[in-house]
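# Sequence and predicted model, in that order:
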Amino acid sequence: MAIEEVVDWATTAGDNKAHHPTSREGERAIRVSRSMQELQAAIARWRDTLGGEPVPLTGTVNVGTVGALMEWPKGTPPTDFLECDGSSLDTTVYADLFAEIGYEYGGSGANFNLPDYRGEFLRGWDHGAANDPDAASRTDRGDGTTGDNVGTKQGDEFKSHQHNIRRDGNVGGGNGTIRGNIQSGGAPSTNPILAAGGNETRGRNVNVMICIRYQRTTETLTITGEGVGTGGGTGNPTQSIHFSRAFG
C-alpha cells in the first residue's frame, strides 16, 4: 500500500525571488507531520531554481517509532517488524530495538529478549490508578521487575464471589431438607459443587500476531514543481511545490 502526502507551497516568480504568500494571495496551509527538516531544505534549494526549469529533488528519510507494537492479521510479520514471541536477539544486529527495551524482558550480555505476547491479553498499565486491585502482586516481566510496572504479568483468576444453597423449610430440628450433597449430624464437612465450564475464563476473541518494530522504515521523498497559472493578479506565474512521501 502506498501512502502519499502532498503539500503545496505557493510562490510568485516575479523577480525570480520567492516570498511567502500573504492571506490576500490565498495562503495555503502546510500539512506535514514528519520530515519537516527535509522539506525545508528542499524548499530552500527550490527557491534557487525559480524562474528556470523546475528540478525534481529526491531523497530518503527514515520514519516509524522503534519499539512500537502492532496487531497484524497474518502469520508472518511485516517488513521492519518482529513477532513478540520471547525470542533472544543480538544486541548489535538489533541495536535500535535494544536501545529502546534493553534487558527489560530478559537476556544479558550480547543478547536481549523480546516480550512474549503469544496467547496473552494485553492490559493497560495501571500506573497508580487503582483499576488493577492486584497491581502490587504482578510477577516478573523478565528482568526481575515486579509489581505495578510495564511488562509485569498476572495469571488467570476469578473474582471472589459466593454461591447460595437452596433450603426448604427449617433446618436444625430435623425439619425440612437442603438440596445438595449435605449430611446432617457428625462433623462439619465441605462438599464441592459440580464443576462446569472449560479450560479458561475468556471473552470472545480473534487471534492476531502482536509485532514490534525493530527498525525504522526508509521512505523516498520526491519534490517536483509545475506552473499552475497566474497568481495574485500580478501576471506572474505561480509555482507549486509538491512534496510526496511514499512507501510500500
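Yes, it's here.

# CA only for contacts and neighbour counts going forward, please
Will do.

# So, low pLDDT: which residues of the protein?
Where the chain drops to pLDDT under 70, the residues are 1-58, 166-191, 222-248.

# try 80 this time
For the chain, applying pLDDT under 80 flags the ranges 1-62, 163-194, 218-248.

# Break it down into its structural domains.
8-62+218-246, 65-127+136-145+204-215 (automatic domain parsing).

# in the chain, which spans are strands?
For the chain, the strands defined by DSSP state E occupy 8-12, 57-63, 69-72, 81-83, 88-90, 107-108, 111-113, 167-168, 177-178, 209-213, 217-231, 236-246.

# Direction included, what does the fifth one pair up with?
When you say that, I think you mean strand 88-90. strand 111-113 (antiparallel) (DSSP bridges).

# The closest residue to Glu104 other than its chain neighbours: neighbouring residues, count only.
Closest residue to Glu104 apart from its sequence neighbours, by Cα to Cα, 6 or more residues apart in numbering: Asp143 at 5.2 Å. Look at Asp143: counted by other Cα atoms under 10 Å, it has 16 neighbours.

# And Phe112, by the same measure?
Neighbours of Phe112 using other Cα under 10 Å come to 23.

# Can you name the residues that contact it?
For Phe112, the contacting residues are Ser88, Leu89, Asp90, Thr91, Phe98, Gly102, Tyr103, Tyr105, Gly106, by Cα atoms under 8 Å, 6 or more residues apart in numbering.

# ok, what's across the strand from it?
With DSSP bridges as the rule, Phe112 is bridged to Leu89, Gly107.

# Please name the residues that touch Glu83.
Glu83 neighbours (Cα under 8 Å, 6+ apart): Thr76, Pro77, Met209, Ile210, Cys211, Ile212.

# what's the closest of those to Tyr117?
Distance to Tyr117 across the contacts of Glu83 (Cα to Cα) is lowest for Ile210, with 6.8 Å.

# Find the nearest non-adjacent residue to the closest one, please.
Spatial nearest neighbour of Ile210, chain neighbours left out: Glu71 (4.7 Å); criterion: Cα to Cα, 6+ apart.

# for the one you found, what are its contacts?
Counting by Cα under 8 Å, 6+ apart, Glu71 has contacts Val208, Met209, Ile210, Cys211.

# Quick one: those residues as a markdown table, columns for distance to Gly119 too.
Shown next, in a markdown table, are the contacts of Glu71 (distance: Cα to Cα, whole Å):
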| residue | distance to Gly119 |
| --- | --- |
| Val208 | 9 |
| Met209 | 9 |
| Ile210 | 10 |
| Cys211 | 13 |
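
# Can you say which of the residues you listed are buried?
Using 16 or more other Cα atoms under 10 Å as the burial test, these include Met209, Ile210, Cys211 as buried.

# hey, where'd the helices end up in the protein?
Taking DSSP state H, the helices of the chain run over residues 36-47, 95-101.

# Show me what counts as buried in the shortest one.
For helix 95-101, burial by neighbour count (16+ other Cα under 10 Å) applies to Asp96, Leu97, Phe98, Ile101.

# Could you do stretch 137-147 as well?
Residues of stretch 137-147 classed as buried by neighbour count (16+ other Cα under 10 Å): Arg138, Thr139, Asp140, Arg141, Gly142, Asp143, Thr145, Thr146, Gly147.

# any idea how far Arg118 is from the residue nearest to Ile210?
Glu71 is 12 Å from Arg118, where distance means Cα to Cα, to the nearest Å.

# anything in contact with each of the two?
Joint contacts of Glu71 and Arg118 (Cα under 8 Å, 6+ apart) are Met209, Ile210.

# Would you mind listing the outside residues contacting stretch 148-164?
Stretch 148-164 has contacts (Cα under 8 Å, 6+ apart) with 105, 115, 125-128, 135-141, 145-146, 200-201.
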